[in-house]
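Trainee: What shape does this take:
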Amino acid sequence: MKPSSALLAVLLAASAAASAQVVPAVEGPTGLPISGTLHYSLDYTQTAQFYGGSEGTVQRGVVSGELAYANSSSIRPFGVTYSGGDIFNISGEPEGTGVFQHMLVSQGLGGREWMLKLMDEVSYMPQAPVSGFSGIVGVGGLPSPPTLPIEPILTQESRSVFNTVGPDLTRTFGRATSLDFGGKYTILRFPDSNGLDTDSVQANGQITRRLDARNSLTGQYVYGYTSFPGYSVLTMDTQSGLFGYQRVWNRQFKMSLAAGPEWVQSTDNLLVPPSTNVTVNATASYDLRSTSAMVSYNRATSGSAGEAQEVGIHVDDVSGAVSQIFGRNWTVTATGSYMRTQGVALQLNDQVVLTNAEFGGLTAMRRLSRHFTASANYTAIQQSSNFGLGPNVVSGLSQVISFTVAYSPRDINLKK
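Mentor: Numbers count the residues shown, from 1 in each chain. Presented below is the predicted three-dimensional model:
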């Protein structure tokens with residue numbers, strides 16, 4: 001199952017709260033060929049997922065770990081984060097178990113007024129990613145940045161391989177103006193042939209003009225191209241132009257809004273007719289020492305719905321989260337999301353696929369000692385559609401209860 005990746009972004013509030021309880025880094029060995037910060041953690045999670053109807057209850061255990069390294073260079077910044085583990089079945093259906101892995105590598109090269117970054121991200125999942133860097137429900141980790149979901153319709157129990165790579169170049173002109181150019185190439189594959197394989201290319205350019213210390217204007221153009229290896233004659237193009245405004249109200253509260261037209265075309269106008277839509281990206285965040293909150297809204301067109309076998313999806317996604325620290329040892333986080341998708345491909349009687357999904361979760365984390373934490377999570381997901389979308393698509397209500405024990409020592413400072 002897959003709540004939107006935008007929801008992953010709102011978990012930044014929880015991450016910030018948790019980091020406030022981390023013990024400072026320790027000094028590592030010197031005289032090494034590299035310098036920087038090394039972090040690792042180990043987790044054990046046990047989950048119980050309750051389905052409606054005759055599907056019953058599934059219980060699973062997850063053993064996982066995370067390793068992250070970042071150097072201390074501002075001219076050639078480098079970072080790598082790896083998360084992996086194994087999901088094993090305790091009771092119920094065994095689908096969705098097995099090894100999972102996710103790695104993100106980035107390398108930068110910068111000058112006084114410019115910065116070039118190269119990024120490569122790859123993952124292998126026995127089920128669609130859900131939350132955190134690991135992508136596995138109930139397992140902690142670094143949250144993802146706010147983007148549209150890779151697989152916009154909530155699905156479960158399907159193996160997938162995902163890889164995206166691309167550059168990003170930022171050039172500043174004085175203190176008020178900056179240009180940003182980026183691109184990425186992405187593939188999504190389903191080894192069991194139960195999803196829609198896709199290849200996509202995206203290119204974008206953005207100009208940001210700072211009006212004063214609190215206000216900025218942005219202009220952005222984004223081009224996307226999607227092809228489907230299983231449908232060699234079908235490709236899809238999207239183009240959008242966004243005009244935005246950013247406002248920093250004070251140290252605690254800031255917001256951004258960007259919107260504009262979006263054009264969709266394909267090589268098969270009977271299956272995917274051309275259309276003009278509106279694309280929107282909006283976020284607002286509030287952050288104090290013990291309280292964090294965030295809300296986001298994203299509207300755009302995705303090339304495919306992944307495991308739902310749907311070509312092209314218009315996505316509307318509203319997500320939010322609130323995190324509160326109580327004393328030195330407790331952190332409570334509530335999250336919620338509503339996502340509506342509309343297919344761009346025509347079905348029988350010229351209808352389109354419509355889905356509505358709601359997500360809600362509550363997590364309580366307790367610091368047990370300097371290096372150990374325990375957490376409990378409750379998640380509820382509900383989805384409905386006007387078409388039958390296959391056996392792996394979430395239908396109706398499902399609920400997940402999970403408990404996690406994590407070991408995370410202090411970060412290690414490495415020095416040459």
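Trainee: going forward, measure contacts between C-alpha atoms and count neighbours the same way
Mentor: Will do.
Trainee: Next one: residue 207 from residue 172, what distance?
Mentor: 10 Å (C-alpha to C-alpha, to the nearest Å).
Trainee: Provide the partner residues of residue 227 in its beta bridges.
Mentor: Judged by DSSP bridges, the bridge partners of residue 227 are residue 199, residue 235.
Trainee: and it, how many neighbours?
Mentor: Burial measure for residue 227: 22 neighbouring residues, criterion other C-alpha atoms under 10 Å.
Trainee: do the one 10 residues further on as well
Mentor: A count of neighbours around residue 237, defined by other C-alpha under 10 Å, yields 19.
Trainee: contacting residues around it?
Mentor: 223-226, 264-266 (C-alpha atoms under 8 Å, 6 or more residues apart in numbering).
Trainee: please redo it, this time with the cut-off set to 7 Å
Mentor: Going by C-alpha atoms under 7 Å, 6 or more residues apart in numbering, residue 237 touches 224-226, 264-266.
Trainee: same thing with residue 85?
Mentor: 63-65, 99-101.
Trainee: Quick one: distance of the helix or strand that contains residue 342 to the chain centre.
Mentor: Following DSSP states H and E, one finds residue 342 within strand 330-343. Strand 330-343 sits 12 Å away from the centroid of its parent chain (C-alpha atoms, centre = their mean, to the nearest Å).
Trainee: State the distance spanning the first to the last residue of stretch 201-217.
Mentor: 27 Å.
Trainee: list the buried ones in it?
Mentor: For stretch 201-217, a neighbour-count test (16 or more other C-alpha atoms under 10 Å) marks 201-210, 216-217 as buried.
Trainee: where in the stretch 151-300 of the chain is pLDDT low?
Mentor: Residue ranges of the stretch 151-300 of the chain with pLDDT under 70: 151-157.
Trainee: Pop out the phi and psi values for the nearest residue to residue 42 once chain neighbours are set aside.
Mentor: Excluding its sequence neighbours, the residue lying closest to residue 42 (C-alpha to C-alpha, 6 or more residues apart in numbering) is residue 65, at 4.3 Å. Per-residue torsions, residue 65: phi -150, psi 160 (degrees, to the nearest 10).
Trainee: What spatial separation is found between residue 65 and residue 127?
Mentor: On the measure of C-alpha to C-alpha, residue 65 and residue 127 end up 18 Å apart.
Trainee: Also residue 371?
Mentor: 30 Å.
Trainee: Now do the strands for the stretch 1-150 of the chain: every range, in order, please.
Mentor: Residue ranges of the strands in the stretch 1-150 of the chain, as given by DSSP state E, counting those that start in this stretch, are 26-27, 36-51, 57-70, 78-91, 98-110, 114-125.
Trainee: Would you reformat these as CSV and include distance to residue 281 and mean pLDDT?
Mentor: Output for the strands of the stretch 1-150 of the chain, formatted as CSV (distance: least, C-alpha to C-alpha, whole Å; pLDDT from 0 to 100):
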stretch, distance to residue 281, mean pLDDT
strand 26-27, 40, 66
strand 36-51, 33, 89
strand 57-70, 30, 91
strand 78-91, 27, 91
strand 98-110, 24, 93
strand 114-125, 23, 93
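Trainee: of these, which approaches residue 322 most closely?
Mentor: strand 36-51 (23.1 Å; C-alpha to C-alpha).
Trainee: quick check: angle from the closest one to strand 78-91?
Mentor: Following axes from the mean of the first three to the mean of the last three C-alpha atoms, to 10 degrees, one obtains 30 degrees for the angle between strand 36-51 and strand 78-91.
Trainee: Sheet partners, orientation included, of strand 36-51?
Mentor: According to DSSP bridges, strand 36-51 has these partners: strand 57-70 (antiparallel), strand 396-407 (antiparallel), strand 412-414 (antiparallel).
Trainee: Which residues outside that strand are in contact with it?
Mentor: With C-alpha under 7 Å, 6+ apart as the test, strand 36-51 has contacts from 56-72, 138-139, 397-409, 411-415.
Trainee: before we move on, what about stretch 118-128?
Mentor: By C-alpha under 7 Å, 6+ apart, stretch 118-128 touches 1-2, 96-108, 155-168.
Trainee: for stretch 356-372, same thing?
Mentor: 3, 329-341, 373-385, 406-409.
Trainee: are any of the residues you listed buried, and which?
Mentor: 3, 330-341, 373-385, 406-409.
Trainee: picking that back up, give me the subset of the contacts of residue 237 lying in strands.
Mentor: Among the contacts of residue 237, the members falling in strands are 224-226, 264-266 (criterion: DSSP state E).
Trainee: closest to residue 92 among these?
Mentor: residue 226 (37.6 Å).
Trainee: what's near enough to touch the closest one?
Mentor: Counting by C-alpha under 7 Å, 6+ apart, residue 226 touches 198-201, 235-237, 303.
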